[in-house]
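Quick one, fold the following:
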Amino acid sequence: MKTQCAILVFCTVLILTPLACLAQSDTKKAAASPGTRIMNKQVGIAFSVPNGIELYSADSPGPLPSRISADTPYFLVNPDFRDENVNIKIADGVSESDLNGLKQMLDSNPNTPLPGYKRIAVRFINVGKDGTLKAVEHQYQMKGNVLGTIRNITFVIGNRGFIITCGTAVERFEKANREFFEPFLKSIEPVK
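Model (predicted):
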């Protein structure tokens, strides 16, 4: 269990993803248009692409081919503010008890060595289309491309851990959370 917790902790400190490579108008080849429902049995989840958001994947990496991999299969990006994005990471061999271990590790380490790190919250929440996916949320501010607010949401489906990193500039967070992050998190459901 320690190994899985360490993997989850490592993944939860992956931060506001600098997507400067998207600064050009190279938004062609997005994997899906807004409002599209994505269902991936191999990854194990389904979700909806929020309105106004672009999705990139292995099939349609657009300008992100070096960032998309088997363990990071999706990036959702606001085309109007490229540093406002969500990425989905997966880790196999993770159990529900690892969520408890992750929360305990985060609770016992309030000072993470990240530039400008300021913890906002560590808590259990429920996400998903029916609100039944138990998750650990680690919300914090830090300095990346911009001073950002990040929400790392970690949950388990079967024996696979999902780490959803939602990030944007501090001054854009409330709007992005309401119009992008929350609709996305509420659309997730397991696929078998």
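
Only C-alpha atoms from now on, for both contacts and neighbour counts.
Will do.

Go through stretch 88-101 and flag the buried ones.
Buried residues in stretch 88-101, defined by neighbour count with 16 or more other C-alpha atoms under 10 Å: 88-91, 94-96, 98-99, 101.

ok, these vs Glu137, which is closest?
Using C-alpha to C-alpha, Leu99 is the member of those that lies nearest Glu137, at 10.1 Å.

Spatially nearest residue to that closest one (excluding sequence neighbours)?
Spatially, and ignoring its direct neighbours in sequence, Leu99 is nearest to Val136 (6.6 Å; C-alpha to C-alpha, 6 or more residues apart in numbering).

Give the burial count for the one you found, as a bare number.
Neighbourhood size, Val136 [other C-alpha atoms under 10 Å]: 24.

and it, which of the three is it?
Secondary structure state of Val136, per DSSP: H, G, I helix; E, B strand; the rest coil, is strand.

For beta bridges, what are the partners of it?
Beta-bridge pairing for Val136 (DSSP bridges): Phe124, Thr154.

Would you agree it is in contact with Phe155?
Yes: at 6.6 Å, Val136 counts as touching Phe155 under the criterion of C-alpha atoms under 8 Å.
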